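[1] next comes the sequence, and after it the predicted model I'd like to discuss.
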Amino acid sequence: MASLRDIREKIRGVATTQQITGAMKMMSTARLGRAIEAINLTKAYISRLEHIVQSVKRELPGFKHPCLSEREVKNACIVVIGGERGLCGGFNHELHRFAMQAINEHPATGRKLAVIGRKPVRFFEQKGIPLFAAWPDIGIKSVETDLFPISASLFELFVSGQVDEISVIYTSFISATRKQPVISRLLPVDTGSMGPRAENQATHTFDFLPSPALLFDQLMPRYLRNLLHRAIVESSAAEQSARMTAMTSATDRAEEIIDDLKLDLNRSRQALITREIAEVIAGSQA
Amino acid sequence: MKKSFTVTLARPGRHLISFEAKALQLPGDRGSLGVLAGRQPLLTVMEPGVISILEITDHRRLFATTGGFCEMIDNEATLLCDSLITVEELEAEDAAGEKQLQQTQAATPATKNYRRDFTKMSEAEKRAYALTLLRKAVRG
């Protein structure tokens, strides 16, 4: 049986771990709240960008733009957005497994893999899979500025014809308890998936400044950037949610371990006392 | 005829800001563009510069933007800005912005028609340019 000192040290060690997991749980909860707010705000902005796309499409039914027209997909760029850190249960593992499966099943013959996030970058490097581009240090705080060069390079890849499709794989945040890895197409834009405009659907005669084609040339990089932004904040929310769940379990488990160790401690102490009493009695009888 | 219209400013990841306005002035792709209530539907690109909103209370609000879009429809103007800097935020941006602008002006000369070529500017340069214009507008 372990000595009383050993058990007390173990209890202290577990209690320290419990404090850390408890603090991480609280931090994840706060970050999750901020991330959920960011998702809602980003969605609102994207829906307004989609309104503009719909306005142009409604006003000019025959309007064509390279970003709106379907192409035969020979080459594709797949962007994988993953976690920044560990200690979040199966979050990273599930995403990596889904990404590997989605990449292998993708119909394109030429696949360029671009990765955002420290964990997936390390995963693909360990697997020996060549990356077209890797951005391991994109944080949610600096995402707005960090995304400019990323979206610009991806957009250039599409408009120059080097790839016929850009897709993104990330963990979609459904609720605090539900998250799911998904693959979705960014370019060409699927206007059918855009929600309908809430207001009056009557046709207006718009003044376009500049022409609709030039306007779309400027609109599409922004649309791509904001779709990536949404995927990053959703992934971040899912990661925080997974970490919150993992840390809650860890904190609860630490509590159980402490209770068990306290029981052991009391048992050991009682055994020691009993032994000492027995020794005293044996000594007095002798 | 309506005398005022709603102006909504949106930027990625931030809350919307709305005003009831008499007039709006924004940096269009062919120079400064004025918008009044009851205007014909408009869809335009915004370039780096200053957005000026004359509220119904005659209070003028100024913002700097690095670009975006403006949609005016059904007497409601929605400005989708890449970034938005208020006059209050201006002070915090000061020294670095001025220095960057000087570098920008040296690196990207104005085109033949004396308009700046924003396509060659980085986001930081656009921001510095817009901030300088906002500073000038605030000083009047």
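    Alright, I've got the coordinates.

[2] contacts and neighbour counts: CA atoms only from here.
    Fine.

[3] and the stretch 101-250 of chain A, which residues reach chain B?
    For the stretch 101-250 of chain A, the contact set with chain B under Cα under 8 Å from any Cα of the partner chain comprises A:144, A:148, A:204-210, A:215, A:218-219, A:226.

[4] got the phi and psi for residue A:212?
    Backbone geometry at residue A:212, expressed as degrees, to the nearest 10, gives phi -50, psi -40.

[5] pull the CA atoms of stretch A:39-58 into CSV?
    Extracted in CSV, the C-alpha atoms of stretch A:39-58 (Å, rounded to 0.1, in the frame of the first residue of the first chain):
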residue,chain,number,x,y,z
ILE,A,39,-20.3,33.3,-36.9
ASN,A,40,-23.6,35.2,-36.7
LEU,A,41,-22.0,38.4,-37.8
THR,A,42,-20.1,36.8,-40.6
LYS,A,43,-23.2,35.0,-41.8
ALA,A,44,-25.1,38.4,-41.8
TYR,A,45,-22.3,40.0,-43.9
ILE,A,46,-22.2,37.1,-46.4
SER,A,47,-26.0,37.2,-46.8
ARG,A,48,-25.7,40.8,-47.8
LEU,A,49,-23.0,40.0,-50.3
GLU,A,50,-25.3,37.3,-51.7
HIS,A,51,-28.1,39.9,-52.0
ILE,A,52,-25.8,41.8,-54.4
VAL,A,53,-25.1,38.7,-56.4
GLN,A,54,-28.9,38.0,-56.6
SER,A,55,-29.6,41.6,-57.5
VAL,A,56,-27.2,41.4,-60.5
LYS,A,57,-28.6,38.0,-61.5
ARG,A,58,-32.2,39.2,-61.3
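
[6] pull out the buried residues from the residues of the stretch 101-250 of chain A next to chain B.
    Neighbour counting by 16 or more other Cα atoms under 10 Å in any protein chain shown classes A:144, A:148, A:206, A:208, A:209, A:215, A:218, A:219, A:226 among those as buried.

[7] domains of chain B?
    Following automatic domain parsing, one gets these domains for chain B: B:5-85, B:90-139.

[8] the longest strand along chain B - contacts with which helices or strands?
    Ranked by number of residues, the top strand in chain B under DSSP state E is strand B:17-28. Judged by 3 or more Cα pairs under 8 Å, 6 or more residues apart in numbering or on different chains; DSSP states H and E, strand B:17-28 is in contact with strand B:5-10, strand B:31-36, strand B:42-46, strand B:49-55.

[9] to residue A:92, which of these lies closest?
    Within the helices and strands packed on strand B:17-28, the stretch nearest residue A:92 is strand B:5-10; the backing value is 33.1 Å (Cα to Cα).

[10] the closest residue to residue B:53 other than its chain neighbours and chain A, how far apart?
    Of all residues beyond its chain neighbours, the one nearest residue B:53 is residue B:24 (4.6 Å), with distances taken as Cα to Cα, 6 or more residues apart in numbering or on different chains. Using Cα to the nearest Cα, to the nearest Å, residue B:24 is found at 16 Å from chain A.

[11] tell me what residue B:24 is bridged to.
    Under DSSP bridges, the beta-bridge partners of residue B:24 are residue B:35, residue B:53.

[12] burial measure for it, as a count.
    21 (other Cα atoms under 10 Å in any protein chain shown).

[13] spit out the contact partners of it.
    Shown in contact with residue B:24 (Cα atoms under 8 Å, 6 or more residues apart in numbering or on different chains): B:34, B:35, B:36, B:51, B:52, B:53, B:54.

[14] drop anything exposed from those.
    B:35, B:36, B:51, B:52, B:53, B:54.

[15] is it true that the third one touches residue B:64?
    So that's residue B:51. Yes. The pair residue B:51 / residue B:64 is scored as a contact, 6.1 Å apart, by Cα atoms under 8 Å.

[16] can you identify the element that follows the lowest-mean-pLDDT helix or strand in chain B toward the C-terminus?
    Lowest by mean pLDDT, DSSP states H and E among the helices and strands of chain B is helix B:87-107, with a mean of 65. Per DSSP states H and E, helix B:87-107 leads on to helix B:123-139 as the next helix or strand towards the C-terminus.

[17] helices and strands around that following helix, which ones?
    Looks like helix B:123-139 contacts strand B:49-55, strand B:60-65, helix B:87-107 (3+ Cα pairs under 8 Å, 6+ apart).

[18] for the second one, which outside residues touch it?
    Think strand B:60-65. For strand B:60-65, the surrounding residues in contact (Cα under 8 Å, 6+ apart) are B:47-55, B:81-87, B:127, B:130-131, B:133-134, B:137-138.

[19] below-threshold pLDDT in chain B: ranges please.
    B:1, B:93-117, B:119-120 (pLDDT under 70).

[20] re earlier: most widely separated two among the buried ones among the contacts of residue B:24?
    Checking the buried ones among the contacts of residue B:24 with Cα to Cα, the most distant pair is B:36 and B:51, at 13.8 Å.

[21] what residues does chain B have near chain A?
    Counting by Cα under 8 Å from any Cα, the residues of chain B close to chain A are B:10-15, B:28-29, B:40-45, B:69, B:71, B:80, B:123.

[22] and these, which are buried?
    So, by 16+ other Cα under 10 Å, the buried ones in the residues of chain B next to chain A are B:10-15, B:28-29, B:40-45, B:69, B:71, B:80, B:123.

[23] give me the mean pLDDT for stretch A:158-169.
    Mean pLDDT, stretch A:158-169: 93.

[24] buried residues, it. List them.
    Under the neighbour-count criterion of 16+ other Cα under 10 Å, stretch A:158-169 has A:158, A:163, A:164, A:165, A:166, A:167, A:168, A:169 buried.

[25] could you list the low-confidence segments of the stretch 151-286 of chain A?
    Looking at the stretch 151-286 of chain A by pLDDT under 70, you get A:195-204.

[26] can you pull out the helices in it?
    According to DSSP state H, counting those that start in this stretch, the stretch 151-286 of chain A carries its helices in the segments A:212-285.

[27] the strands in chain A, which residues?
    Using DSSP E, strands in chain A cover A:75-81, A:110-116, A:133-135, A:165-173, A:179-187, A:207-209.

[28] which helices and strands does the last one pack with?
    The contact analysis (3+ Cα pairs under 8 Å, 6+ apart) places strand A:207-209 against strand B:42-46.

[29] just the CA atoms of stretch A:110-120, as CSV, please.
    C-alpha atoms of stretch A:110-120 as CSV (Å, rounded to 0.1, in the frame of the first residue of the first chain):
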residue,chain,number,x,y,z
GLY,A,110,-5.2,17.0,-60.1
ARG,A,111,-5.6,18.1,-56.5
LYS,A,112,-3.9,21.0,-54.8
LEU,A,113,-4.1,20.9,-51.1
ALA,A,114,-4.0,24.1,-49.1
VAL,A,115,-4.1,23.9,-45.3
ILE,A,116,-5.0,26.4,-42.7
GLY,A,117,-4.3,25.6,-39.0
ARG,A,118,-1.4,24.2,-37.1
LYS,A,119,-2.8,20.7,-36.4
PRO,A,120,-3.8,19.7,-40.0
